[in-house]
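# What follows is a predicted protein model with its sequence.
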Amino acid sequence: MKFDALILTDPRFTGGTSAAVAADVKAMSAAGLNIGLALIEAQGFFLDTETPNAAVLSLLDLPGVTEVQLGSSQSARCDIAFFHHPSMFENPVKHGLQIEAMRSVLIAHQPLFLGDSALAFDPFRVQRNVRKQFGQSLLWAPVSGLCREQFRSFAPMLRMTQEDWPNAFDVSAWSPQRAKLQTPTLTIGRHGRAHPDKWPASGKEISLSLPAGPETKVSVMGADRDFLMAMGVDISAWSVLDFNEIPVPDFLDGLDVFSYHHAPSWVESFGRTIAEAMLMNVRCILSPALKATFGPHALYGTPEEVPAILDHIRANLAAERQAAEAARDFCISAFSTEAIISRFETLKSDEGTVSRNPKPKVSPMIAAKKLIGFRRRRWREQRGA
């Protein structure tokens, strides 16, 4: 059987990667594409207690979607094979499959370098495993400008798609109902997982990034109250909701400003929660590291600079409302599921690029040294085991 698209993903993802996979598959199904879904079993990444995500498994019920059995002696034919998330293939997966594809694309939902500039994974080991188990050479498709910038450090050994493959959204589900930025009294907040890496490294920085006060109300969803209090954050004036306690669009519609800063050890590969906020006409204040992804469509600053940025917003409410609307328009244009089919068609003729321009922040020489160090550490760990 020949497929238009073959999707290879581990069903145990529960966050942004699974949401991105689901959005892609739903858009392809709605467009009438014939889709193969291969549920791989990665080794050494998930805990033994983690189970398949029901939202991913439900994709098998969509029109045009067929489950492809791994380990089969028969090959799978397709126009484009999509391998999701590089870390899934850094070790050999439990069962491979011979694939005959016009293009094979690895959707890089993950940055190459960590916050301390150490390598997060070995991209050449990923390529080798995919070639050995699936018979395919890869084009790397970054999910953001930040990821693309990092992968250029290994050009020309890594070949990237000409365009990114960002997360996609059914924008009809993100329809603002409340007018934002109407008065100097602002509601600022954020939502997402409670993992400490998703928050600034100190209680002082957390408090500055979400500064409660007479003209600033704070509302967060998905935060760990015990973690925040242990960090010394006074949350007595905050509204704190559990993860997904209410629908995310409803939560975001109650905000005027979305503030997102994270630990130095964390690198945000895309920032799905940020795009969601922009789609709801919420003005975003972000870590400067995210400028490569969201460009002129947000305000940027450190946690210490957030109070001053809020004062700027209060003094320029009309201009900031217009900027929030422009950011929404940008997200609709760049991230709508309606664009997936045109992006899919473009991939069919994409020969890729090995360009190092613009110049990556981590030079190829430094990247090579980091790869040697990464492999040396891995070798020591394996010997220790």
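All right, it came through fine.
# pLDDT below threshold where in the protein?
385 (pLDDT under 70).
# How is it partitioned into domains?
Residue ranges for the domains of the chain, per automatic domain parsing: 2-168+342-384, 171-335.
# Mind putting the ones you listed into a markdown table with mean neighbour count?
Quick note: C-beta positions are derived from backbone N, CA and C, even for glycine. Written out in a markdown table, the entries for the domains of the chain read as follows (neighbours: other C-beta atoms under 10 Å):
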| stretch | mean neighbour count |
| --- | --- |
| domain 2-168+342-384 | 18 |
| domain 171-335 | 18 |
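# any idea how far residue 240 is from residue 219?
Separation of residue 219 from residue 240 (C-beta to C-beta, to the nearest Å): 8 Å.
# Okay, helices next: where are they in the stretch 101-250 of the chain?
123-134, 145-151, 203-209, 225-230, 248-253 (DSSP state H, counting those that start in this stretch).
# Would you mind putting the CA coordinates of the first one into CSV?
I take that to be helix 123-134. Below are the C-alpha coordinates for helix 123-134, written out as CSV (Å, rounded to 0.1, in the frame of the first residue of the first chain):
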residue,chain,number,x,y,z
PRO,A,123,22.5,14.0,15.4
PHE,A,124,24.8,11.7,13.5
ARG,A,125,23.9,8.7,15.6
VAL,A,126,20.2,9.6,14.8
GLN,A,127,20.9,9.6,11.1
ARG,A,128,22.8,6.3,11.3
ASN,A,129,20.0,4.6,13.2
VAL,A,130,17.3,5.8,10.8
ARG,A,131,19.4,4.7,7.8
LYS,A,132,20.0,1.3,9.3
GLN,A,133,16.5,0.6,10.6
PHE,A,134,14.4,2.4,8.0
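# What is that helix packed up against?
strand 76-84, strand 99-108 (3 or more C-beta pairs under 8 Å, 6 or more residues apart in numbering; DSSP states H and E).
# want to try a markdown table for the ones you listed, with distance to residue 15 as columns?
Formatted as a markdown table, the helices and strands packed on helix 123-134 follow (distance: least, C-beta to C-beta, whole Å):
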| stretch | distance to residue 15 |
| --- | --- |
| strand 76-84 | 13 |
| strand 99-108 | 14 |
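# residue ranges of the strands in the stretch 51-200 of the chain, please?
Under the criterion DSSP state E, counting those that start in this stretch, the stretch 51-200 of the chain contains strands at 65-67, 76-84, 99-108, 139-142, 186-191.
# what's near enough to touch residue 43?
91, 92, 93, 94 (C-beta atoms under 8 Å, 6 or more residues apart in numbering).
# Now residue 205. Nearest residue, chain neighbours left out?
Nearest residue to residue 205, sequence neighbours excluded (C-beta to C-beta, 6 or more residues apart in numbering): residue 303, at 4.1 Å.
# Then residue 113?
residue 150 (5.4 Å).
# Assign residue 4 to helix, strand or coil.
Following DSSP: H, G, I helix; E, B strand; the rest coil, we place residue 4 in the strand state.
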